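Visitor: test case, fold it:
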Amino acid sequence: MENTTPMNAIVINTKKYAIYILTYMLGGIFLSALFAWKLGHEILLWIGVFVFGICPIIFKRQFRRKFTKKATIKCSVETICINTIDRETEETIESQEFRYSEIESYKAMNSSTENSSLLKLYLKNKEKVSYTFLEQKADDISSVINVVSRYFQQYNQSVDENSKIALRPSLFITNAGRNIIIVLGVGWCILLVLQIKYKPKTIPASIFGGLILYLQILAQRKKDTERYNKMK
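Guide: Numbers count the residues shown, from 1 in each chain. I've put the predicted structure just below:
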């Protein structure tokens with residue numbers, strides 16, 4: 001396999017974005033509830049829920065833009081190089097090159113609901129490097145994760161068993177993840193039974209929302225399992 005043409009992607013700082021969005025949503029809704037209570041106008045709470053709870057979902061791309069950068073990724077038969085580039089100035093902010101012989105294992109995951117992918121490298125010096133790429137489709141053979149995985153697989157074919165880059169499973173397909181899914185399923189069933197028993201006519205939308213979320217988790221687990229079996 002020859003050197004690839006550099007792949008272009010959008011990379012996001014997930015930690016900073018998560019802190020920002022949680023602070024914005026929870027803090028905004030709390031203040032809205034406080035003002036609604038102090039002023040005696042319930043409408044203020046619903047306005048706050050829309051502005052601070054729903055707008056970040058509807059306008060997700062705009063909210064996370066300040067936490068995104070451009071990235072170029074290039075793989076060769078021996079190395080992977082990832083450059084992070086400022087979206088405004090087009091200047092390279094960070095450039096990291098990893099030799100495959102320095103990588104102990106990696107984790108590669110796709111989110112079909114977010115069209116994003118995670119690449120996490122576990123280096124032999126115990127360092128961890130993580131990238132989350134946006135606008136990535138799991139079934140696109142030219143996506144970052146699929147291309148990088150093919151190079152890792154090729155490298156593994158040329159070295160002995162102890163030198164191979166191991167693929168780590170995602171949370172949902174580990175034993176811990178399976179137990180979490182079981183607990184969530186049992187918890188949802190208990191809530192549903194209690195709701196039907198004590199207030200059968202007022203089953204809240206949150207119950208159905210929980211079911212949809214649970215089904216999404218099961219679907220993601222199935223996709224992660226299929227992908228893991230294919231890539232390992």
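
Visitor: please make it C-alpha for all contacts and neighbour counts, starting now.
Guide: Will do.

Visitor: where exactly do the strands run in the protein?
Guide: Ranges of strands in the chain, per DSSP state E, are 7-12, 68-75, 79-85, 92-99, 103-111, 116-123, 128-134, 166-167.

Visitor: so this protein: which segments form each domain?
Guide: Using automatic domain parsing, the domain parsing of the chain gives 1-168, 172-231.

Visitor: lowest average pLDDT across those?
Guide: Note on these: lowest mean pLDDT is at domain 172-231, with a mean of 72.

Visitor: what count of nearby residues applies to residue 94?
Guide: As a burial measure, residue 94 scores 11 neighbours (other C-alpha atoms under 10 Å).

Visitor: hang on, it packs against residue 72?
Guide: No: with contact defined as C-alpha atoms under 8 Å, residue 94 and residue 72 do not form a contacting pair (10.7 Å).

Visitor: common neighbours of these two, please.
Guide: 83-85 (C-alpha atoms under 8 Å, 6 or more residues apart in numbering).

Visitor: and which of those is nearest to residue 211?
Guide: residue 84 (38.7 Å; C-alpha to C-alpha).

Visitor: how about that closest one: what's its closest non-neighbour residue?
Guide: Computed as C-alpha to C-alpha, 6 or more residues apart in numbering, the closest residue to residue 84 that is not its neighbour in sequence is residue 71, at 4.5 Å.

Visitor: check residue 143 too.
Guide: The spatial neighbour of residue 143 that comes closest, neighbours along the chain excluded (C-alpha to C-alpha, 6+ apart), is residue 136 at 6.1 Å.

Visitor: how near is the one you found to residue 147?
Guide: 12 Å (C-alpha to C-alpha, to the nearest Å).

Visitor: which residues does the residue nearest to residue 84 form beta bridges with?
Guide: residue 9, residue 84 (DSSP bridges).

Visitor: picking up where we left off before, higher neighbour count, residue 136 and residue 147?
Guide: Legend: neighbour count by other C-alpha under 10 Å for residue 136 and residue 147, higher for residue 136 (22 against 17).
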